[in-house]
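Chemist: pasting the structure only:
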């Protein structure tokens, strides 16, 4: 068993050794008083060698008494770091992921993702594991040749068409006036909520994007008047990178990666085509914004400090957002993210921002308030 090194720390002497042959685990050798194999998820990882390596440790107090040390030992790990999803994975973390994939490859990608999130403590602000983000990181590590994922059990990701109800069941009689006080707001609670099918059908049929699919964290709302739907809202995660927004906030790429979740985007806004009521749009935006702040904090564990939305200036001028006190800050370059790459495949859009906190810049930059 080759001796690796000695590390002294506040009166303790920590000795480490690497054992190529698992038969020697638990035996005393040069510089090692007691070798112990530790749980794989917390203390040892494999190296970039064909053999499986183990890390052992023991300690001795200043008076010479043997004692088993607590806490994770120093571990030899991969020399390769990795950056993905705005997170910097250290060589040690990459090595831990390599071991988890190697040991649990028979359990499939989902179980591997759950274990990686648990060991690396990769969680959303509400405490839920970042499972989908972790799976994307695993796929990137696999593509880079740092790990070898098991084949997907179901032939890869499947995007089913969102369930909907026939739009013909909705009363489409023209509405030219209504009392704002009689308007009610309902939140779509889940995919199994009957209102989810209605929201999907209305947005797919009448929104100019003709798509009701939202990715990532999201909240959906439907406005009603006299039990008739009149408008739909969809909110989701903010865009990864927008030059005019990031310059306006004044944050660094590191701050963006850590605090982008504090920005929420209005990704869908639809007033049904048979509704023609002056000043209705700005009223609905303001009312939905108020509901969103409470519901987002309740659902995801934090309150947004900024809201954003993109307006296709070839179709709209954004007057209703201006009337609801949103601020236009610039125009996008028209790039869209497709997989890992960005393509200049969209028309430039106006970007509007709404601050829910007077010190939003300090919060997003991580400054003390």
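Modeler: Nice, thanks for sending it over. In this text, all values refer to a predicted model and were calculated from it rather than measured experimentally. Residues are numbered from 1 along each chain as shown.
Chemist: Please name the residues that touch residue 239.
Modeler: For residue 239, the contact set (CB atoms under 8 Å, 6 or more residues apart in numbering) comprises 245, 265, 308, 310. For the C-beta atoms, the positions are set from N, CA and C on the backbone; glycine is no exception.
Chemist: Specify the local secondary structure of it.
Modeler: Following DSSP: H, G, I helix; E, B strand; the rest coil, the label given to residue 239 is coil.
Chemist: again with the one 5 residues further on
Modeler: Here residue 244 is recorded as helix under three-state DSSP.
Chemist: I'd assumed residue 330 was in contact with it.
Modeler: Yes. Between residue 244 and residue 330 there is a contact under CB atoms under 8 Å: 3.0 Å.
Chemist: how about the strands in the stretch 101-250 of the chain?
Modeler: Using DSSP state E, counting those that start in this stretch, the strands of the stretch 101-250 of the chain run over 183-188, 218-225, 228-237.
Chemist: ok, back up a step: overlap of the contact sets of residue 244 and residue 330?
Modeler: What both residue 244 and residue 330 touch, as defined by CB under 8 Å, 6+ apart, is the set residue 351.
Chemist: what's the burial count for residue 208?
Modeler: By other CB atoms under 10 Å, 9 other residues sit near residue 208.
Chemist: Show the model's pLDDT score for it.
Modeler: On pLDDT, residue 208 comes in at 92.
Chemist: list the contacts for it?
Modeler: For residue 208, the contact set (CB under 8 Å, 6+ apart) comprises 312, 315.
Chemist: Could I get the phi/psi values of it?
Modeler: phi -70, psi -20 (degrees, to the nearest 10).
Chemist: ok, it to residue 269 distance?
Modeler: 11 Å (CB to CB, to the nearest Å).
Chemist: Then residue 346?
Modeler: Where residue 269 is concerned, residue 346 sits at a distance of 18 Å (CB to CB).
Chemist: Ok, residue 243 next?
Modeler: Counting by CB to CB, the separation of residue 243 from residue 269 is 23 Å.
Chemist: Among those two, which residue is more densely surrounded?
Modeler: residue 269 (21 against 13).
Chemist: burial count for the closest residue to that one other than its chain neighbours?
Modeler: With sequence-adjacent residues excluded and distances taken as CB to CB, 6 or more residues apart in numbering, residue 269 is closest to residue 233, at 5.8 Å. Neighbours of residue 233 under the rule other CB under 10 Å: 26.
Chemist: What residues are bridge-paired with residue 233?
Modeler: Judged by DSSP bridges, the bridge partners of residue 233 are residue 221, residue 269.
Chemist: Any idea how many residues pack against residue 364?
Modeler: Here the number of neighbours of residue 364 (other CB under 10 Å) works out to 22.
Chemist: List the buried residues in the strand or helix carrying it.
Modeler: In the assignment (DSSP states H and E), residue 364 maps to helix 360-365. Within helix 360-365, the residues that count as buried by 16 or more other CB atoms under 10 Å are 360-361, 363-364.
Chemist: Quick check: the two most widely separated of those?
Modeler: With CB to CB as the measure, no two of those lie farther apart than 361 and 363, at 7.3 Å.
Chemist: re earlier: ok, residues contacting the helix holding residue 364?
Modeler: Around helix 360-365, the neighbours that count as contacts under CB under 8 Å, 6+ apart are 249-252, 255, 259, 262-263, 305-306, 357, 368-369.
Chemist: 6 Å - rerun?
Modeler: For helix 360-365, contacts defined as CB atoms under 6 Å, 6 or more residues apart in numbering pick out 249, 251, 255, 259, 305-306, 369.
Chemist: what's the next secondary structure element after the longest helix along the chain?
Modeler: In the chain, taking DSSP state H as the definition, the longest helix is helix 280-300. Under the assignment DSSP H and E, the closest C-terminal helix or strand after helix 280-300 is strand 306-312.
Chemist: can you give me the helices in the stretch 51-200 of the chain?
Modeler: Counting by DSSP state H, counting those that start in this stretch, the stretch 51-200 of the chain has helices at residues 91-103, 109-119, 131-143, 194-206.
Chemist: Could I get the buried residue list for the third one?
Modeler: Looking back up the chat, that one is helix 131-143. Those would be 133-135, 137-141, for helix 131-143 by 16+ other CB under 10 Å.
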